[in-house]
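*Asks:* Here is a sequence with its predicted model. Questions after.
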Amino acid sequence: MTRTIYLQIILIIAILSQSRLLAQDWPNWRGPTRDGKTSSADWNPAALNSKESIKWTTDVGHGFGGVVVVENHIFAYGSTDSTTDAVVCLNVDTGHQVWQMTFDCPVPNGCFTCYKGPRSTPAFSEGCLYALSHQGHLLCLNAETGNIIWRKHLVDDFDAERPKYGFSGSPVIEDDYLILNARESGLVLNKKTGQKIWDTPKGKASFSTPVVFDYRNKKTIMLFARKKLVCRDLKSGKEHWTHPWPYVNNDGAAEVDPVVVDERVFISSGYRKGGAVIDFSSGKPKELWFDPEIRTEFGTALYHDGLLFAPHGDTRRITSYLKCIDFNTGKVYWTRDTGHCSVIQIDDKLMVLNQWGLLRIMRADAGGYDDISSAEVIETSRDKRCWTAPIFAYGCTFIKRWDGQLVCIDLNHTNKEGVQP
């Protein structure tokens, strides 16, 4: 091998390694930092306008949870029929199946069954994948093989009560803690064994996902529970404070996650209720502002540079919006008719997907918004909608329809159809 060829190989390896470092996995619900944000030096937002931007499509089973991307693998969880659920591993580049693990997940008589499949997104940690069914099956799988490491059932093993629409909050991993929205306001297990560390009184869970943050130099959990917001110490489960929230739907349950910024938090409820920011810097929560016209059904708001980008409206309405709001004052800077939507952020750009499959990439700040690109990326109908937020990893975005169709859209900078803005 000549010195020139050797140096070329070394250069290629270095470039590929650097590209990998600049990109990020999407290992759990709401991404690498669990706030709906990620970064990438290897993407072209304008490529969405290309007809060639769809890389592949596949079926991962009925359900409402998102997918997880770790290096060259995608992990998805769905229902294959009325009695069987499946966790699958796919190749990122091709969408081809690497492995599949199925298990019985029948829906008992009397349960609310018009929405099939899991509601939660799996979580990846240290070679393991954690998946939670709407019935309460909790699985820890070897992510390389799909083999079961341990399994539990929230109802049978921890005396949790199934909510009307099923267990919906996604598993959250922090250190060796596996955090779940179950029982009255939280259940925490050892992620390696599935053994209980602490729980809360028996009661129906809400539909939101717990949020972990640092509070007074301790790791803390914020959970939007039924009719209240609860703040607890991660290690002990000790309650720091609770704040009543009467603005909930008829089931008394919250759907969206709290958006925690320093020692303030935004929460919101759909169905003609409202949203608010609560200050807990004194150790006692105090409502700073409340607006009945900020109603988020289940698309969690995104925070960036003092602003909230919050979906407003519910799926029953033809018209729904994305609002730009001052986090500290509640002032609404602008409102855009997007249709019922969810939003994530890549670098300084927003990616907004509505329930009818229209995907937009745009710049946005308090002064307004400007679309970079947009496309209808997946066919939808009244019975086949996009209620799952988009995810982004390694230059591609992944869109999932509730019947299980998964679309991979190539937004890498090498997609030349779009012009890099």
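*Replies:* Yep, it's here.

*Asks:* Report pLDDT for residue 421.
*Replies:* Residue 421 carries a pLDDT score of 45 in this model.

*Asks:* and what of residue 115?
*Replies:* 76.

*Asks:* for residue 398, helix, strand, or coil?
*Replies:* Here residue 398 is recorded as strand under DSSP: H, G, I helix; E, B strand; the rest coil.

*Asks:* Show me the beta-bridge partners of it.
*Replies:* residue 391, residue 408 (DSSP bridges).

*Asks:* Could you double-check that it lies in contact with residue 411?
*Replies:* No - in this structure residue 398 lies outside contact range of residue 411 using C-beta atoms under 8 Å: 10.8 Å. All C-beta spots, glycine's among them, are computed from the backbone N, C-alpha and C.

*Asks:* which residues do the two both contact?
*Replies:* Listed as contacting both residue 398 and residue 411 by C-beta atoms under 8 Å, 6 or more residues apart in numbering are residue 392.

*Asks:* quick one, which of these two is more surrounded?
*Replies:* Neighbours were counted for residue 398 and for residue 411 using other C-beta atoms under 10 Å; residue 411 has more, 26 against 23.

*Asks:* quick one: that one and residue 370, what's the gap?
*Replies:* Relative to residue 370, residue 411 is positioned 18 Å away (C-beta to C-beta, to the nearest Å).

*Asks:* all helices for the stretch 51-200 of the chain, in order.
*Replies:* Shown for the stretch 51-200 of the chain, the helices assigned by DSSP state H, counting those that start in this stretch span residues 154-158.

*Asks:* just the stretch 201-350 of the chain next, same as before
*Replies:* Going by DSSP H, counting those that start in this stretch, the stretch 201-350 of the chain shows no helices.

*Asks:* Low-confidence ranges, it, go.
*Replies:* For the stretch 201-350 of the chain, residues meeting the criterion pLDDT under 70 lie at 248-253, 272, 317.

*Asks:* show me where it has strands.
*Replies:* In the stretch 201-350 of the chain, the strands defined using DSSP state E, counting those that start in this stretch lie at 211-215, 218-225, 228-233, 239-244, 259-261, 264-269, 274-279, 286-291, 302-304, 307-312, 321-326, 332-337, 341-346, 349-354.

*Asks:* now the third one: how far from the chain's centre is it?
*Replies:* Translated: strand 228-233. Offset of strand 228-233 from its chain centre (C-alpha atoms, centre = their mean, to the nearest Å): 20 Å.

*Asks:* ok, residues contacting it?
*Replies:* 185-186, 215, 218-223, 238-245, 258, 265, 267, 278, 280, 285.

*Asks:* Quick one: closest of the strands of the stretch 201-350 of the chain to residue 155.
*Replies:* strand 218-225 (18.1 Å; C-beta to C-beta).

*Asks:* Now do the buried residues in that closest one.
*Replies:* Neighbour counts over strand 218-225 (16 or more other C-beta atoms under 10 Å) mark 220-225 as buried.

*Asks:* Just the closest of the residues you listed to residue 102, please.
*Replies:* Using C-beta to C-beta, residue 223 is the member of the buried residues of strand 218-225 that sits closest to residue 102, with 31.0 Å.

*Asks:* Tell me if I'm right that the closest one and residue 181 touch.
*Replies:* Yes - with contact defined as C-beta under 8 Å, residue 223 and residue 181 form a contacting pair (6.3 Å).

*Asks:* Overlap of the contact sets of these two?
*Replies:* Residues touching both residue 223 and residue 181 (C-beta under 8 Å, 6+ apart): 206, 208, 210.

*Asks:* Which of those are buried? Put it as a ChimeraX command.
*Replies:* Here is the ChimeraX command that selects the buried residues among the shared contacts of residue 223 and residue 181 (16+ other C-beta under 10 Å):
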select :206,208,210
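
*Asks:* Which one of the shared contacts of residue 223 and residue 181 is nearest to residue 403?
*Replies:* For these, the nearest to residue 403 is residue 208 (24.0 Å; C-beta to C-beta).

*Asks:* do you know how far the nearest residue to residue 341 once chain neighbours are set aside is from residue 380?
*Replies:* The spatially closest residue to residue 341, leaving aside those adjacent along the chain, is residue 354, at 4.4 Å (C-beta to C-beta, 6 or more residues apart in numbering). As judged by C-beta to C-beta, residue 354 and residue 380 stand 9 Å apart.

*Asks:* One more: residue 106?
*Replies:* For residue 106 relative to residue 380 (C-beta to C-beta), the value is 28 Å.

*Asks:* quick one: which of the two has more around it?
*Replies:* Per other C-beta under 10 Å, whichever of residue 106 and residue 380 has more neighbours is residue 380, with 19 against 12.
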